[in-house]
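Student: The sequence and its predicted three-dimensional model are supplied below.
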Amino acid sequence: MGLRFDTRESDSPWVDIVWTCTSEQVTAMTSVAGARWGLVFWEQGGRAHAAVTGPETRTSTAPVPEGATFTGIEFAVGTSLRIVATPSLVDGGVELPGTTSRTFRLDGTRWATPGPDDAEALVGSLVRAGIVVRDPLVADVLRGHLPDVSGRTVERRFRAATGLTRGAVRQIERARTAAELLAGGDPAADVVAKLDYFDEPHLARALRSYVGRTAGQLRDGAGGAIALDL
C-alpha cells in the first residue's frame, strides 16, 4: 500500500513526462525539487480537481489526498503558460476553479480533462491556442548552444521562462539523477564520480536539500512515500 506511480516519457517537445498515481493509505509524501511546471488532475470522493504546479527549489513534505487518482503532465523546461508568469509559480501552484470530471477551465476556455493517453493531444491544442508558449533561446541554451546575446540577457530570459537560474536547474537535475542512480543500486562513490560532485559530503548535502533522503535511504527504499519519478 502507498503511492503507485506510473510514468512515461513523451515524444512531444513540449512535454517531458506524463504520470499517473493512485494513493492508498498515505497522507503525506516527500516532494522532490523539480525544475518543471505542470498540470495535474485528480479525483477524490467523487469530486474532480485540476491545478497548475510550479517548479520546486527544495524538498518538502506534501499532503496526499487518500484514495485519490491522479494524472499529471510535466512540461519541458523553457515552456510556460501565457497567463501565469512561471516565477510566480515557484514553490507553489494554482488550483483551477470549476473543474468537473469531464472538463477544466484554463485561460477562459473549457478543455476536456485528459487521461494519460491523450495528454499530448491536450498540450497540442493548448500550444495551437497560444496558451502554452516557449522561449526558443532557452531551448537553445539547454541544448548547449551559445546564443548571440549577452550573458545577462540569457539569464534574464531563462529566469523569466523557468522561474529559476540556469545554475539552479543544473543543481536540481543533477540531484534528481543522483537519487535515481542511488535508488537503482549505484554506490555513492560511483555517483560522485559520474556526476562530478566534489566528494560524498557534497552529494549528501545536495540530496538533503533537493531530495530529502540520504544515500542509504535511497538505496534501501526507506523513508516513506516519495515522488522521485516526477
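Tutor: Received the coordinates, thanks.
Student: Now do the top helix by length along the chain: everything it contacts.
Tutor: Of all the segments assigned as helix in the chain under DSSP state H, the longest by residue count is helix 166-183. By Cβ atoms under 8 Å, 6 or more residues apart in numbering, the residues outside helix 166-183 that reach it are 32-35, 57, 77, 141, 154-155, 158, 162, 164, 188, 190-191, 194-195, 197, 203, 206-207, 209-211, 213, 215, 218-219, 221, 228. Using the backbone N, CA and C atoms, a C-beta is placed for each residue, glycine as well.
Student: Try it again at 6 Å.
Tutor: For helix 166-183, the external contacting residues (Cβ atoms under 6 Å, 6 or more residues apart in numbering) are 33, 35, 158, 191, 195, 206, 210-211, 215, 218-219, 228.
Student: likewise stretch 59-66?
Tutor: Counting by Cβ under 6 Å, 6+ apart, 23, 26-29, 31-33, 44, 210-212 sit against stretch 59-66.
Student: Likewise for stretch 104-113?
Tutor: Contacts for stretch 104-113 (Cβ under 6 Å, 6+ apart): 41, 50, 83, 96, 98, 102-103, 131.
Student: so which of those residues comes closest to Asp117?
Tutor: Phe41 (13.4 Å; Cβ to Cβ).
Student: Pick out the residue closest to the middle of this protein.
Tutor: Arg36 (4.2 Å; Cα atoms, centre = their mean).
Student: Okay, now the unreliable bits of the chain?
Tutor: Scanning the chain for pLDDT under 70 picks out the ranges 1-2, 230.
Student: Which residue ranges of it form helices?
Tutor: Going by DSSP H, the chain shows helices at 119-128, 136-142, 151-162, 166-183, 188-194, 200-210, 215-220.
Student: The ones you listed into JSON lines, with extra columns for distance to Gly72?
Tutor: Formatted as JSON lines, the helices of the chain follow (distance: least, Cβ to Cβ, whole Å):
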{"stretch": "helix 119-128", "distance to Gly72": "9"}
{"stretch": "helix 136-142", "distance to Gly72": "21"}
{"stretch": "helix 151-162", "distance to Gly72": "18"}
{"stretch": "helix 166-183", "distance to Gly72": "16"}
{"stretch": "helix 188-194", "distance to Gly72": "27"}
{"stretch": "helix 200-210", "distance to Gly72": "19"}
{"stretch": "helix 215-220", "distance to Gly72": "22"}
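Student: Buried residues in the longest helix of the chain, which are they?
Tutor: Neighbour-count burial for helix 166-183, with 16 or more other Cβ atoms under 10 Å as criterion, is recorded at 166, 168-169, 171-176, 178-179, 181-183.
Student: Check the residues you listed and tell me the two furthest apart.
Tutor: Spatial extent of the buried residues of helix 166-183 (Cβ to Cβ) is set by the pair Arg166 and Ala183 at 26.2 Å.
Student: coming back round to it: export the contacts of helix 166-183 as a markdown table, with columns for distance to Asp135.
Tutor: What follows is the contacts of helix 166-183, written out as a markdown table (distance: Cβ to Cβ, whole Å):
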| residue | distance to Asp135 |
| --- | --- |
| Ala33 | 22 |
| Ala35 | 15 |
| Phe158 | 8 |
| Val191 | 32 |
| Leu195 | 27 |
| Ala206 | 27 |
| Tyr210 | 24 |
| Val211 | 28 |
| Ala215 | 36 |
| Leu218 | 34 |
| Arg219 | 39 |
| Leu228 | 28 |
